[in-house]
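Trainee: A structural model of the following input is requested.
(chains A and B)
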Amino acid sequence: MTQDVEMKEQQPTPAPANPVSPTSPSVLEQLKDISALIETGAYTREVRRIMRAIRWTIQIRKKLNVSVLSAFLNSAFVPGSEVHSRLAAYIPKEDDQDMEVDIGTSVTLLSKHSLPEIEIYCYLLVLIFLIDQKRYDEAKACSSASIARIKNLNRRTIDVLASRLYFYYSLSYELTGDLAEIRGTLLALHRTATLRHDELGQETLLNLLLRNYLHYNLYDKAEKLRSKAPRFEAHSNQQFCRYLFYLGKIRTIQLEYTDAKESLLQAARKAPVSALGFRILCNKWAVIVRLLLGEIPERTVFMQKGMEKALRPYFELTNAVRIGDLELFKTVAEKFASAFSSDGTNNLIVRLRHNVIRTGLRNISISYSKISLADVAKKLRLDSPNPIADAESIVAKAIRDGAIDATIDHACGWMISKETGDIYSTNEPQIAFNSRIAFCLNMHNEAVRALRFPPNSDKEKESAEKRRERQQQEQELAKHIAEEDDDEF
Amino acid sequence: MSAATTVSCAGGLLAMLNESHPTLKIHALSNLNTFVNYFWPEISTSVPIIESLYEDEEFEQRHLAALLVSKVFYHLGELNDSLSYALGADHQFDVSEDSDYVHTLLAKAIDEYASMKIKAAESNYESAVIDPRLEAIVERMLDKCIADGKYQQAIGVTIECRRLDKLEEAVIRSDNVHATINYCIDVSHNFVYRREYRLEVLRLLVKVYQQLPSPDYLSMCQRLMFLDEPEGVASILEKLLQSENADDTLMAYQIAFDLVENEHQAFLLKVRDQIPSAKKLQPSESKQSDSAQPDADAVTGSIAVVPEDVQMTDGTQADSSAEYSNSREAAYDERLTKMRGILSGETCIQLTLQFLYNHNKSDLLILKTIKQYVEMRNSVCHSATIYANAIMHAGTTVDTFLRENLDWLSRATNWAKFSATAGLGVIHRGHLQQGRSLMAPYLPQGGAGSGGSPYSEGGALYALGLIHANHGEGIEQFLIESLRSTNVEVIQHGACLGLGLAALGTADDDIFDEIKNVLYTDSAVAGEAAGISMGLLMVGTASEKAGEMLAYAHETQHEKIIRGLALGIALTVYGREEEADTLIEQMTRDQDPIVRYGGMYALALAYRGTANNKAIRQLLHFAVSDVSDDVRRTAVLALGFVLYSDPEQTPRIVSLLSESYNPHVRYGAALAVGISCAGTGLSEAISLLEPLTSDVVDFVRQGALIAMAMVMVQTSEACDSRVGQFRRQLEKIILDKHEDTMSKMGAILASGILDAGGRNVTIKLLSKTKHDKMTAVVGLAIFSQFWYWYPLIYFISLAFSPTALIGLNNDLKVPKFEFLSHAKPSLFEYPKPTTVPTTTSAAKLPTAVLSTSARAKARASKKDAEKANAEKAEPSSGKGKASEKDGDTMQIDSAAEKKSEPEPSYEILTNPARVIPAQEKFIEFLEDSRYVPVKSATSGFVLLKDLRPSEPEVLALTDSLSSTAPNAADASATRQQGSASLMAVDDEPAPPQVFEYTS
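Mentor: Alright, predicted model coming up:
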């Protein structure tokens, strides 16, 4: 569960107007550009600039090292100032001579900032660096300090930075396995974010809380929080994907498979292409939910690029369910037990057994218009003391659940399938078509709404000469008309 | 935190709530209350159980249950429910707790309370419905605020919540009562949208003032004026005057001057009548008029006589005071007389007139150029030039241009003649003593209706109104008689306008009836003026007469009358804000677009300068949705009036409208900016107007040019380089043969407004104390009517206010003293006089050459017969020209010298001096100066305390006259030929001859 989100973080959001050229300038220079970007964003209250700064940061994340970081800190703050010393304490000391070179070039460059945005950004940077370096304990300390600092700030321009910080805060605790500790803090932060109408923060924190609860399998509490927390239109696609994913999981556990499937598939679809891990996980869950619903996922689902290997166990599982072969199902479940347990899907696989039987039954009902219950038991390989009675009860239940459309002739001991109607004679296709159109239209509208237009500053103005020309023409025309009128007399 | 880890689920605690034993329940409740932040999602499912606990009267910890429910609702975002349970929690809800929960709920409580109070107040429901617990919480908060010294917070909340009792407490208990009161006043003006309530707040503040040991009388009187309580002001003034202390007297004078600045005639007259008149009223009155006479003479010129005259009056004063055995009483009487003089506005007007006359810097060459290049046959441009001249010389009494160009002037016929004559009224504005005699030649001669043209007679009556605008006591009777004695509609038109102007806002019933009679004759021309005039008379009274007017507007067939009445009705609701809503509603829903158009003006005037959101929204709605272009144009224009207290807003709000496809809307946007940003030189306003000055539609260009001139009035080129560009643009438009008449007229008017009042006035709609200047607003509103009726252009002169610092001693004389302007002189200097296009040396040439060159230019357009005429007028004008030119070239030289050396960063000004609004913040009084101002003001009339009373005073009045001798001589030379001076009656070429029209 960890790696997926991690990977998603790294999605570079391939911005077309990528500010980084192939021959990229030094990392330090880029960091300075970023901080300048944040600064202008803070002054002009343009959150979008700060968002861009964060995306940019994620791109250069891999290149961060101690010397660059400390040089940047030196340039951003007055060395020796309170903020500086607090932040510098988290950076491990390394090769001094390297550092000095950088300092020499940097100190002159940037003036000292007093902007809280920059301070928070530095916290974020250090935190990311520490996590990348696997110094989780320091990361924990650093993130706690930063959260304490954020609580005292109430600026809308910080919200974006803060929401990232919350994420890493939670991540650092998760990596050390102390997630439960921060639940109270997260709840409090969520409350504050709600009060301040910081919707991005609300989204992020709600997801973190859900994750927190799910980590300890507290599905009930998670659902209660989710249903009670104020809802609003999603702002960040990533957060929304995550939300859908958690929602799918909760619903799966609560046996609401249809809704769960919808959420999981939507999450998988909405997730950016680069967030491979997240999509794999979504697909795993989606496959199971679909199986639980009695559907058989298409082969292409398992053949998606980069997912073949990860989805292999699920492919085989599907195969077993598809055939409705209990034996095969059992062997597959045993074979990949470790993979399933690491995915946290074990308990769902147990639920699947029932579905294997039911799928088999459905196959039978499609193939035979009439079949004796003994044959059914045999085909399903029911190895119980009284297979016919078992088969009868299984068939009866399947009929009641609507999985198959059939009747049982108890007297003769056979099952009679009804004719399946032609689906194209119903409204079904239209409804499906309508929902797809609605989806497309919605997407288009959202895209239009997201467009930004520059203020129309350079509007064409008719110059005096042009106007004169036009008027002259008009007058001439009028004269002509008048003359023509005269001519008529 | 630790609890959260130890207890991972609230299920157990929730289950305990269902136990029967109260101890268990209480234990569960108190635990839940502690952990509610962590478990609220779970608890929220059990809220009904906890609610029932609260409702159980037996249960001893029911308050705790309420608190818990409140907290859960708070987490759920249901603040209303949360608040009501928090109130139920009673003492358990700790106001002083420092948590988000408490802060949020307190804010919510105050909001709730305020909205309830407002609702209660507005529906006249007594506050019975308000929860006493809510009130208690709010009061607790307020007490805490006051105790912590956060007075501004407390004041804001009390005003919002309509708790005047608490407001009083907060104000009185604050450390700096004066500052707090000023803060209160600001708040009440800016944020209290209901007028009635604002009045209540102000009344309270006055009460607080009265309790103070050393009240700020200036501020207090301003408030009283706003409340329309003349008695209070009168008693304060009387008290101050009775005091022995000279400072108090000065203060009283200063208060009076400040009140006069707000131009509220009806109020001032009431105050004056309340003040006890001097014991021997008769003699002192005559003395007053005596002493006024020479002053006026001084203006009109004869220098030789003036000093003597002044001494003479001094002598008589000394004599009369000697007559009183009790000198104290005499002094008191004298002070009272002076006070009455100030309150009647005469003192101000006289001083202003002197200032404008002495400092007149109008540039005749501009007019000359206009005159030369404007086609003679184009009557629109011809009369526009006359308008421009009148505006340029508004209040300066300099009518040289007219006198020099009599034959040219004589081309004005009919209504053009009307406005030409009325123009004299603008030029002589405030010339109260001699106004009547000045206009005498043109006034209708007793009864017989002799040879005079009705147009000039009507114009003359209008002119009298303009001269006496807002101070019409002396002239009303005459105007009424003229109105009665005529049945020529043109004369009635002039008389109605004149009467309306003179009796502005007095709500005199007799005059009203008189005008109503004219209205009921149902003559279009007279009726229009009557409608406007009725409005002027009843301005701001919201009297029920408006209903009468509206009824007649529906009855009559004449559009002109409807329009006049619609505007008149709008004027009656001036400044009444929500009181006017019914009438506005009625008008804006009318079928007749002209009445709707009046409704727009009613909105504009009722909500003038309030920036009221509701009014703005309504206007914007009409601006885009009405079917009539006139209504849309007016709706946009009206935004200018609503927003003039906040000029920075206007360009932003109308920027979209200024790009409308509809030229009427664009025109409205231009004028809205012009009105609200008048005289500010605001950069955004100029940027918005700039593209409009080259719009595709001619009348939009006209509006934009005029608006631009209004914005740029008195802005020097050093402040904004676009001023120079604009001047050149105007010149280009005027000189361009192909330009159409509309924009040409706009350009001519714009050049007049740009140099209005001899370059010594600006357009100001707010007085220094941030009150609206009623006359100015009304003037601009009627001015904007020139779209339909050009003679109404003259109403703009009501909006002009002199930009001067005039220091007065306790004798109300102008002593000579110096003060400092901490800015580069070039920033605020007069614009450089234009030069004759050829070379500067041409300007230095003697008269003969100048006149020939002028003639040469004129030759193209003038006929020979006229040339002979011009030659006749030559000698007098030539002389004047020569001296003036000399002065001009001298100035140019000195300017050139300055450029070579670095410009000083300050400037020393001598009382009375031109101080333009932008300059005010740089003004500083010298530290070792003999005079100290009574209040810290940097413009207008300032009373000065004399620190060295023993030394002889040098009066600036006489001094300035001798120093500007050549100028004055020139003026007197022309004047002696003109009709103005009474002294020179003998050798005056009779003015009627001057304006003898051929038609």
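Trainee: show me where chain A has strands.
Mentor: Using DSSP state E, the strands of chain A run over residues A:370-372, A:406-409, A:414-417.
Trainee: Which positions within the first one qualify as buried?
Mentor: What it means is strand A:370-372. Using 16 or more other CB atoms under 10 Å in any protein chain shown as the test for burial, strand A:370-372 gives A:371-372. Backbone N, C-alpha and C define where each C-beta goes, glycine included.
Trainee: what packs against that strand?
Mentor: Applying 3 or more CB pairs under 8 Å, 6 or more residues apart in numbering or on different chains; DSSP states H and E, we find strand A:370-372 packed against strand A:414-417.
Trainee: any low-confidence regions in chain A?
Mentor: Counting by pLDDT under 70, the low-confidence segments of chain A come to A:1-25, A:93-114, A:420-421, A:453-464, A:485-489.
Trainee: Quick one: name the residues of the stretch 201-350 of chain A near chain B.
Mentor: Proximity of the stretch 201-350 of chain A to chain B, by CB under 8 Å from any CB of the partner chain, involves residues A:216, A:218, A:221, A:224-225, A:227-230.
Trainee: any idea how far residue B:671 is from residue B:778?
Mentor: Distance, residue B:778 to residue B:671, using CB to CB, to the nearest Å: 16 Å.
Trainee: Name the residue of the stretch 251-400 of chain A that lies nearest to chain B.
Mentor: The nearest approach of the stretch 251-400 of chain A to chain B comes at residue A:254, 15.0 Å away (CB to the nearest CB).
Trainee: And for residue 153, nearest residue in space, chain neighbours not counted?
Mentor: Just so you know, I chose chain A. In this structure, residue A:153 finds its nearest non-sequential neighbour in residue A:116, 5.3 Å apart by CB to CB, 6 or more residues apart in numbering or on different chains.
Trainee: Correction: the question concerned chain B.
Mentor: residue B:145 (5.0 Å).
Trainee: what's the neighbour count on the nearest residue to residue B:531 once chain neighbours are set aside?
Mentor: Closest residue in space to residue B:531, ignoring its immediate chain neighbours: residue B:564 at 2.7 Å, by CB to CB, 6+ apart. Using other CB atoms under 10 Å in any protein chain shown, residue B:564 has 34 neighbouring residues.
Trainee: tell me the contacts of residue B:564?
Mentor: B:527-532 (CB atoms under 8 Å, 6 or more residues apart in numbering or on different chains).
Trainee: same check, this time on residue B:390
Mentor: By CB under 8 Å, 6+ apart, the contact list for residue B:390 reads B:422-424, B:426-427, B:752, B:794, B:797.
Trainee: Quick check on these: which are buried?
Mentor: Buried among the contacts of residue B:390 (16+ other CB under 10 Å): B:422-424, B:426-427, B:752, B:794, B:797.
Trainee: can you redo these as a markdown table with secondary structure?
Mentor: Output for the buried ones among the contacts of residue B:390, formatted as a markdown table (DSSP: H, G, I helix; E, B strand; the rest coil):
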| residue | secondary structure |
| --- | --- |
| B:422 | helix |
| B:423 | helix |
| B:424 | helix |
| B:426 | helix |
| B:427 | helix |
| B:752 | helix |
| B:794 | helix |
| B:797 | helix |
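Trainee: Between those, which sits nearest chain A?
Mentor: Within those, proximity to chain A (CB to the nearest CB) peaks at residue B:752, which comes in at 22.5 Å.
Trainee: Hmm, residue B:393 and that closest one touching each other?
Mentor: No. Assessed by CB atoms under 8 Å, residue B:752 is found out of contact with residue B:393, at 9.2 Å.
Trainee: Could I get the strands of chain A in a markdown table, plus columns for distance to residue B:924?
Mentor: A markdown table is the format used below for the strands of chain A (distance: least, CB to CB, whole Å):
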| stretch | distance to residue B:924 |
| --- | --- |
| strand A:370-372 | 110 |
| strand A:406-409 | 103 |
| strand A:414-417 | 104 |
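Trainee: Which of these has the highest mean neighbour count?
Mentor: Using mean count of other CB atoms under 10 Å in any protein chain shown, the stretch among the strands of chain A with the largest mean neighbour count is strand A:414-417, at a mean of 19.
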